[in-house]
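1. Provide a 3D model corresponding to the input given below.
(chains A and B)
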Amino acid sequence: MNDEEKKHKRLIDDLKNLPKVEAPKNFETELLRKINSSEEVKKVSFWEKLLSPARLAPAALAIVSAVIIFFVVDINSEVMEDPLSIAPKLREDLAILKATQEIPVELKKQSVRQKEKVESKSEEMLSEKKDIAPPLSKDKGDDVRFESETEVDEQLVTDKLEVGRSDSDIYRSNDAKSLGGSVAPSTINIPSAEISKDNLNFLQRNLSSEEKVEVQQLKMKVQTEKNAKTERK
Amino acid sequence: MTDRNLNEFSDEELILEFQTNGTERAFEILVQRFKNPLTNYVYRFLGDYDGCADIVQDTFVKVYRYKDSYSSLAKFSTWIYTIAGNLARTEYQRRRRRNFFSISSYGDEEKTFDIPDNSYRPDVTADASIKNEIIQKALLKVRDSYREAVILRDIQELSYEEIAEIMQIEVGTVKSRINRGRAELQKYLKDIYYD
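-> Prediction:
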């Protein structure tokens, strides 16, 4: 017995001498009844408990409501549709104008090549005529050449217009599609007089010094021929 | 297997017999052996006879249903005392919650109130039965963790090691709790142990 036990000796003795409480008389009978009643309770497995409609229905309801809240409310979403950042609907006429300006580079190149071809041909013809034609008929030949050049230029312009038109038609139809069909297709009513040479965006070619001299000579010739004509008249 | 043979079995042998062969008689013998000590232990802890009988019956129902969870490494007595102790503690806490607004729960939860009662005067405590009643009432005032240790040691007369196993704490903690419980009890019974 240690010091603590000696100190509380009387208390410990009293606690030991407390009357022993006994179980009631019908303890076994009651116990048997409890055991039998507990056995009667059907043993339900964990998964059966979990998947029972009583538990499943509220869980499903909670999930559905959570999904609805997530997709409908979406409070934390920072990606909000800014009305200022939405591209406005294009006007029909502007869309067509834009389409006409965007002529593919390949087509431009083709037209330039054609022009060059025509120029070289006219030059050849001019040189041939120089050799063959007499000085008097030279004026006439030059006229023919000049006329043919202007004809060629006009032809190029009309070709270009047609090319542009067909392209613009394509783009217009594409734009109409991209605008969700809200823009009704329409024909282009641009008069040919409105289209100048500058607007057609021809290739600006830098001439070499020899070519410049040649062009200058041709211009001089044309000028002298014109002067001669006016004098004759 | 005859009754005489089973009565000679130790607690561990009986529960093993009940586990392996399902011998109901072995369980009945265990009930006979432990019903009174458990009733005494739970009554001293709860202070209510009807409640303690229910708890002891529930303890045996648990032993019957979960007999397979008993491991032969432990003593049967400590196992059944642990079950009874857990059930008693749960019931005690449930009752305390129910009496939340009673006089004992005002102010500091740990603080208990000494209600003056003239019947506890030394000249009246001569009668042994009254003395026992006073001790029981004082016991109920002691903090439940100390009370459990004191009951198991001084009333049930279990060893420190058994108490440590039942309460699932260290032996040193058991000793400390017993000493503190005794001191607290002595304080409440100062009218009896005035000298």
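2. who touches the residue nearest the centre of chain B in this structure?
-> Centroid check for chain B by CA atoms, centre = their mean gives B:Tyr41 as the closest residue, at 3.1 Å. Residues near B:Tyr41 by CB atoms under 8 Å, 6 or more residues apart in numbering or on different chains: B:81, B:84-85, B:88, B:151-152, B:155-156. All C-beta atoms are positioned from the backbone trio N, CA, C, and that covers glycine.
3. which residues of chain B score low on pLDDT?
-> Across chain B, the ranges flagged by pLDDT under 70 are B:1-4, B:100-127, B:194-195.
4. where exactly do the helices run in it?
-> B:3-7, B:11-21, B:24-46, B:49-65, B:76-98, B:128-141, B:144-150, B:160-167, B:171-188 (DSSP state H).
5. and residue 20, how many neighbours does it have?
-> I went with chain A, as the question did not name one. The number of residues packed near A:Lys20 is 13, by other CB atoms under 10 Å in any protein chain shown.
6. that's the wrong chain, I wanted chain B
-> Count around B:Thr20 with other CB under 10 Å applied: 10.
7. And for B:Glu12?
-> 16.
8. Also B:Ala88?
-> 26.
9. Might you report the residue contacts of it?
-> Listed by CB under 8 Å, 6+ apart, the contact set of B:Ala88 reads B:41-42, B:45-46, B:52, B:55.
10. With respect to chain A, which of those residues is nearest?
-> Within those, the smallest distance to chain A is 7.5 Å, found for B:Cys52 (CB to the nearest CB).
11. doesn't B:Thr39 make contact with that closest one?
-> Yes - between B:Cys52 and B:Thr39 there is a contact under CB atoms under 8 Å: 5.8 Å.
12. Quick one: name the residues of chain B near chain A.
-> Proximity of chain B to chain A, by CB under 8 Å from any CB of the partner chain, involves residues B:28, B:31, B:35-36, B:38-40, B:43-44, B:49, B:52-53, B:56-58, B:60-61, B:64-65, B:131-132, B:135-136, B:150, B:154-155, B:157, B:179, B:182-183, B:185-186, B:189, B:193.
13. Throw the helices of chain B into JSON lines and include distance to A:Ser37, thanks.
-> Shown next, in JSON lines, are the helices of chain B (distance: least, CB to CB, whole Å):
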{"stretch": "helix B:3-7", "distance to A:Ser37": "26"}
{"stretch": "helix B:11-21", "distance to A:Ser37": "20"}
{"stretch": "helix B:24-46", "distance to A:Ser37": "17"}
{"stretch": "helix B:49-65", "distance to A:Ser37": "9"}
{"stretch": "helix B:76-98", "distance to A:Ser37": "17"}
{"stretch": "helix B:128-141", "distance to A:Ser37": "31"}
{"stretch": "helix B:144-150", "distance to A:Ser37": "30"}
{"stretch": "helix B:160-167", "distance to A:Ser37": "28"}
{"stretch": "helix B:171-188", "distance to A:Ser37": "37"}
